[in-house]
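1. need the 3D shape of this:
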Amino acid sequence: MTEILALEDTHTSGAYAKRPVAMVRGEGAILWDADGNRYIDGVAGIGVANVGHNHPVLTAAVLEQLDRLTICHEAFYSDQRARFLHELTQRTPGDLDRVFLCNSGTEAIEGAIKVARYFTGRTDIVAHKRAFHGRTMGALSLTWNHKYRDAFQPLLPGVSHVPLNDVEALEAEVTERTAAVVLEIIQGEGGVWPADPEYLNAVRHLCDEKGVLLVVDEIQTGMGRTGKWFACEHFDLLPDVLCLGKALGGGIPMGAVVWRESLGQLPTKSHGSTFGGNPLACAAGRAVLRILTDEDLPGRAATLGEQFVRELRGIKSTRIREIRGRGLMIGVDLRSRVGPVIKALMGKGVLVIPGGPTVLRLLPPLVIAEEDLAGIVQGIADVLRELNEDPSGG
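-> Below you'll find the predicted structure:
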C-alpha cells in the first residue's frame, strides 16, 4: 500500500485531502484495501454506489456494452440512449420528460442554469445558504460555503442566497429578474439539513406566482437514497427542473438535467457534451434502473433507514446533539468536530464522511446488510465512548 500512496502523491493535483488508504476491491457495501483490510462502506463514493459495489447486473451490462460500442455523440441516435431516456422518464414524476445527459452532477447544475435562463428570459438565481451544488464556476456560484468560493471570485453575477426554510427571506429575494430558485430537499454537504414541507409548498407557490422555475438538486438524494426514487416525491413536489448525478450511473460518470415537457426543447447547438449520453454510461444507467426496481432499493432504504435512525438514537453519548435525515441519508450532529471520530472509525473498519465540521454523514449503499448497518452503529458508539474516556477529549 505504501508504494501506491507514494506514487499517487507524486502526481496528484493537491485538490483532495486524502486518507492514507488505497482501496482495491469492493462488493456490496464492503471495501478492501491493498493490504487486505476490510471496511464497511458508509460513503458509497459520496452517494454514488447506491446499488453497491460490483453488482453483477451492472457489471454484466457494462461489459456487454464494452464489447459493442462505447462512444456515440448525440449528433447520432443511440439504441442505449433512446431506451435509457425512455426508462428514466418513466420514473421521473409528472411531466419531467425532457432530458439533457451529461457526465456529473455539477454539469447538471450548469445545464439547469442555462435551461432556466433560456426558458424564462431572465438572469438571476436564488439559491440557499448551506447549499452545495458543485465546483464548476456556475455551480460554485450557487454553492454557499465560502471555503469553496473565495479563491475563485468573481463568480456568476445575479446569484443570491437565503436561509433554508425562511419564506420571508425568499420572498424578499425573488424579483422580476429571477429565473430560478434552486434547492436541495436535504442539504447533504451542508449538514444533512432537511427542507420543511411547508417551505417546499411555499417555494412552489411563489415560483408559480412569479413565473420562476423551481430547480431541485437531487444529485445526492435521488435514485432511491431517501426511501423514494426522488426526495421530492415525499412531498408531492413537482420541480420544473430536476438535476441528477452520482448514483445515476452506478459508478460510471453520468448526470442529467430533466425538465417539464411543457417548457419545450432547447434550440439546436445551445448546449452540448462530447461524452454525455454515451452508450456505455446509458447501459450502466439502464442497469441501475433495473436493479433499483427489481430489488426495490428505494423501499429498502426507507425500511433500513428507520431502523438505522432508531439504533443511532440508542447510542448513549453526550457528544450527539441530533440525528437528522431520511432513508439512508443520515447526519449525526455532534457537539465536537468530526475529524477525530472519522479517523478513529476508519481504524475500526468503518468509513464515513463529514457533512460540515460537526456532522457525520452516513451514505451507505442501499444494498447494505443489516449486520453491517449495525456495525456502523457499534463503531460510532465505541469511538464516542473511547473519545470520552480519552483525557485529551478528542
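
2. so which residues of the stretch 1-150 of the chain form strands?
-> Ranges of strands within the stretch 1-150 of the chain are 23-27, 30-33, 38-41, 96-102, 124-128, based on DSSP state E, counting those that start in this stretch.

3. right, and those strands - which one's nearest residue 242?
-> Relative to residue 242, the nearest member of these by C-beta to C-beta is strand 96-102, separated by 5.5 Å. No exception for glycine: its C-beta is placed from N, CA and C like everyone else's.

4. mind giving me the domain ranges of this protein?
-> Domain ranges of the chain: 2-54+296-389, 56-294, per automatic domain parsing.

5. deepest of these, which one?
-> Sort the domains of the chain by mean neighbour count, taking mean count of other C-beta atoms under 10 Å, and domain 56-294 sits at the top with a mean of 20.

6. can you give me the end-to-end span of stretch 341-360?
-> Using C-alpha to C-alpha, to the nearest Å, one end of stretch 341-360 lies 8 Å from the other.

7. please compute how far that stretch lies from its chain's middle.
-> Taking the mean C-alpha point of stretch 341-360 and that of its whole chain, the gap between them comes to 18 Å (C-alpha atoms, centre = their mean, to the nearest Å).

8. quick one, helices of this protein?
-> Taking DSSP state H, the helices of the chain run over residues 2-11, 44-47, 56-66, 79-89, 105-120, 137-142, 146-149, 167-173, 197-210, 279-294, 297-313, 339-347, 370-389.

9. report the angle between the axes of the fifth one and strand 124-128?
-> Yep, that's helix 105-120 we're talking about. Counting by axes from the mean of the first three to the mean of the last three C-alpha atoms, to 10 degrees, helix 105-120 lies at 140 degrees to strand 124-128.

10. CA atoms only for helix 105-120, dumped as PDB, please.
-> These are the backbone C-alpha positions of helix 105-120, laid out as PDB (Å, rounded to 0.1, in the frame of the first residue of the first chain):
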ATOM      1  CA  GLY A 105     -23.900  16.500 -11.000                       C
ATOM      2  CA  THR A 106     -22.100  19.700 -11.300                       C
ATOM      3  CA  GLU A 107     -22.600  19.600 -15.100                       C
ATOM      4  CA  ALA A 108     -26.300  19.000 -14.500                       C
ATOM      5  CA  ILE A 109     -26.400  22.200 -12.400                       C
ATOM      6  CA  GLU A 110     -24.600  24.100 -15.200                       C
ATOM      7  CA  GLY A 111     -27.200  22.800 -17.600                       C
ATOM      8  CA  ALA A 112     -30.000  23.800 -15.300                       C
ATOM      9  CA  ILE A 113     -28.800  27.400 -15.100                       C
ATOM     10  CA  LYS A 114     -28.900  27.600 -18.900                       C
ATOM     11  CA  VAL A 115     -32.300  25.900 -19.100                       C
ATOM     12  CA  ALA A 116     -33.700  28.400 -16.500                       C
ATOM     13  CA  ARG A 117     -32.300  31.400 -18.300                       C
ATOM     14  CA  TYR A 118     -33.400  30.300 -21.700                       C
ATOM     15  CA  PHE A 119     -37.000  29.400 -20.900                       C
ATOM     16  CA  THR A 120     -37.600  32.500 -18.700                       C
END
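
11. who's in contact with it?
-> For helix 105-120, the external contacting residues (C-beta atoms under 8 Å, 6 or more residues apart in numbering) are 100, 102, 122-123, 125, 133-136, 138-139, 142, 156, 179-180, 182, 211-213, 215, 217, 219-220, 241, 243-246, 255-257, 259, 263-264, 266-267, 270-271, 273, 276.

12. which ones among those map onto strands?
-> Using DSSP state E, the subset of the contacts of helix 105-120 located in strands is 100, 102, 125, 179-180, 182, 213, 215, 217, 241, 243-244, 255-257, 259.
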